[in-house]
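Enquirer: Need the 3D shape of this:
(one chain, ligands or ions: 1)
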Amino acid sequence: MPRSFNFSAGPAALPTPVLERAQAELLDYQGSGMSMMEMSHRGSHFVEVAERAEATLRGLLAVPDHYKVLFLQGGATQQFAAVPLNLCAAGASVDYVDTGSWSTKAIKEAGKFASVNVAASSKEDAYSHIPAPDRWQRSRDAAYLHVCSNETIGGLQFHAFPDTGDVPLVADMSSDFLARPLDVEQFGVIYAGAQKNVAPSGLTIVIVREDLLDRARAPIPSMLEWSVHAAAGSMSNTPATFPWYVAGLVFEWLVAQGGLAGIQAQNLAKSSALYSAIDNSNFYRCPVVEADRSIMNVPFTLADEVRDKDFLAGAEARGLHGLKGHRSVGGMRASIYNAVGQDAVDALVDYMREFEREHAG
Ligand code: PMP
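Expert: Residues are numbered from 1 along each chain as shown. The predicted model follows:
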């Protein structure tokens, strides 16, 4: 059975070899007579899977020893609250950079627990760019500075991160985690929902510098407290065992792609093919300035939005799925995460050219 070209923003495409391996192991994981889904998280099979997944992730990202890697639940949305609860006292100042829908959600949630200073925002320019760091108006005493490294809806991505000195930099990397190499030491905290580049939904990865683990206010729910999860190896309650297992397979698949440098090269080839197709036409348009465009989520509009429906119907008919833009902004969006191949992007570009020939002018 052929696999669709899946441009969904998340849950999103997973690498076919990973799904095949999960399928092969599904009914009988390594002679146990059980599937990974049916096993105790404290049993030897799962403990081995969990430890290997963490070790592979640490290798991929070169995570330094003084950072903890947590495999949690609750989504990135839960981390919107966990970040202020773990990093500052009630009402303390925190800085946020507003680059679109997801930073706005993080800001709103943090506002319940801290005094948020929006250090910069490109809202007035319809989030067409990322505000230049040298213009950010940071507070003097911020407990941390928060950015969303990749705005999944708007299609903006930080291609470099500012040095925030002693103020921990916190990044929501839900939609570009493991898409490129990263210097983890630039960050105090990195968090990401897994359902784009890592695994099925249900898993949230948090990487936190150890010295930040004693800053949580008290009391907060244990499930939100990073130090509780760190002390328990992310098993203070039942973790999302199956997504954690799949994450491990994806990490191994990434190693086989040449690690993060290898996958970054693939991602750059895919995204530049798509952006060139958009830029070399008068029919399609990308609303984001070139320097801040995402290599993961590519939003585009047609010259005439009346045609959106026809474009999407024609795409579906060709097996190109998930291209509808987010309901809040409309238009189109191609999410081209790690597992979306160059063949999918080439098929999309062919279709775009054909649609343009039929409808332009
Ligand atoms: N941040 C970003 C950048 C996202 O793309 C998403 C989900 N699309 C979230 C946060 C929320 O993640 P979750 O649904 O896992 O809570």
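
Enquirer: Could you list the low-pLDDT ranges of this protein?
Expert: Along the chain, segments meeting pLDDT under 70 span 1.

Enquirer: What are the boundaries of the helices in it?
Expert: Ranges of helices within the chain are 16-24, 44-61, 75-87, 101-110, 226-231, 241-256, 259-279, 308-317, 342-359, based on DSSP state H.

Enquirer: For the last one, what is the distance to the chain centroid?
Expert: Put plainly, it is helix 342-359. Relative to the centre of its chain, helix 342-359 is centred 26 Å away, using C-alpha atoms, centre = their mean, to the nearest Å.

Enquirer: Just the residues contacting that helix, thanks.
Expert: For helix 342-359, the external contacting residues (C-beta atoms under 8 Å, 6 or more residues apart in numbering) are 5-7, 266, 269-270, 273-274, 277-278, 281, 283-284, 307, 310-311, 314-315, 318-320, 323, 334, 336. Where you see a C-beta, it was placed from the backbone N, CA and C, and this is true even at glycine.

Enquirer: OK, contacts around the closest residue to residue 79 other than its chain neighbours?
Expert: Spatial nearest neighbour of residue 79, excluding adjacent residues (C-beta to C-beta, 6 or more residues apart in numbering): residue 191 at 4.3 Å. Listed by C-beta under 8 Å, 6+ apart, the contact partners of residue 191 are 76, 79, 82-83, 170-174, 204-207.

Enquirer: Same question for residue 168.
Expert: Counting by C-beta under 8 Å, 6+ apart, residue 168 has contacts 87, 143-145, 187-189, 209, 212.

Enquirer: now swap in residue 329 and tell me
Expert: If you count contacts by C-beta under 8 Å, 6+ apart, then residue 329 has 153-154, 299 around it.

Enquirer: switch the cut-off to 7 Å
Expert: For residue 329, the contact set (C-beta atoms under 7 Å, 6 or more residues apart in numbering) comprises residue 153.

Enquirer: What separation do you get for it and residue 106?
Expert: 18 Å (C-beta to C-beta, to the nearest Å).

Enquirer: same deal with residue 244?
Expert: For residue 244 relative to residue 106 (C-beta to C-beta), the value is 24 Å.

Enquirer: From the contacts of helix 342-359, list the ones also adjacent to the ligand.
Expert: When C-beta under 6 Å from any ligand atom is applied, no member of the contacts of helix 342-359 is adjacent to the ligand.

Enquirer: Give the buried subset of those as a ChimeraX selection command.
Expert: Listed next is the ChimeraX selection for buried residues among those, using 16 or more other C-beta atoms under 10 Å:
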select :5,6,7,266,270,274,277,278,283,284,311,314,315,320,323,334,336
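
Enquirer: Measure how buried the residue of the stretch 251-361 of the chain found nearest the ligand is and give me the count.
Expert: Scanning the stretch 251-361 of the chain for the residue nearest the ligand gives residue 297, at 8.4 Å (criterion: C-beta to the nearest ligand atom). Residues near residue 297, counting by other C-beta atoms under 10 Å, number 29.

Enquirer: do the same with residue 244
Expert: With other C-beta under 10 Å as criterion, residue 244 counts 24.

Enquirer: Run through the bridge partners of the residue lying closest to it once chain neighbours are set aside.
Expert: In space, and not counting its chain neighbours, residue 244 is closest to residue 71: 5.2 Å by C-beta to C-beta, 6+ apart. Taking DSSP bridges as the rule, residue 71 bridges to residue 205.

Enquirer: Show the contacting residues for the closest residue to residue 194 other than its chain neighbours.
Expert: Leaving aside its chain neighbours, residue 194 sits nearest to residue 203 (3.9 Å; criterion: C-beta to C-beta, 6+ apart). Neighbour list for residue 203: 71, 73, 194, 240, 243-244, 247 [criterion: C-beta under 7 Å, 6+ apart].

Enquirer: Can you give me the distance of residue 203 to the ligand?
Expert: Separation of residue 203 from the ligand (C-beta to the nearest ligand atom, to the nearest Å): 9 Å.

Enquirer: next one: residue 2
Expert: Residue 2 sits 27 Å away from the ligand, going by C-beta to the nearest ligand atom.

Enquirer: burial measure for that residue, as a count.
Expert: Neighbours of residue 2 (other C-beta under 10 Å): 5.

Enquirer: That one - nearest residue in space that isn't next to it in sequence?
Expert: residue 319 (7.3 Å).

Enquirer: Surely the one you found is in contact with residue 5?
Expert: Yes. The criterion here is C-beta atoms under 7 Å, and residue 319 meets it with residue 5 at 5.8 Å.

Enquirer: Can you report how many residues lie near the closest residue to residue 184 other than its chain neighbours?
Expert: Spatial nearest neighbour of residue 184, chain neighbours left out: residue 63 (5.3 Å); criterion: C-beta to C-beta, 6+ apart. With neighbours defined by other C-beta under 10 Å, the count for residue 63 comes to 19.

Enquirer: Could you report the separation of residue 63 from residue 242?
Expert: Look at residue 63 and residue 242: by C-beta to C-beta, they are 23 Å apart.
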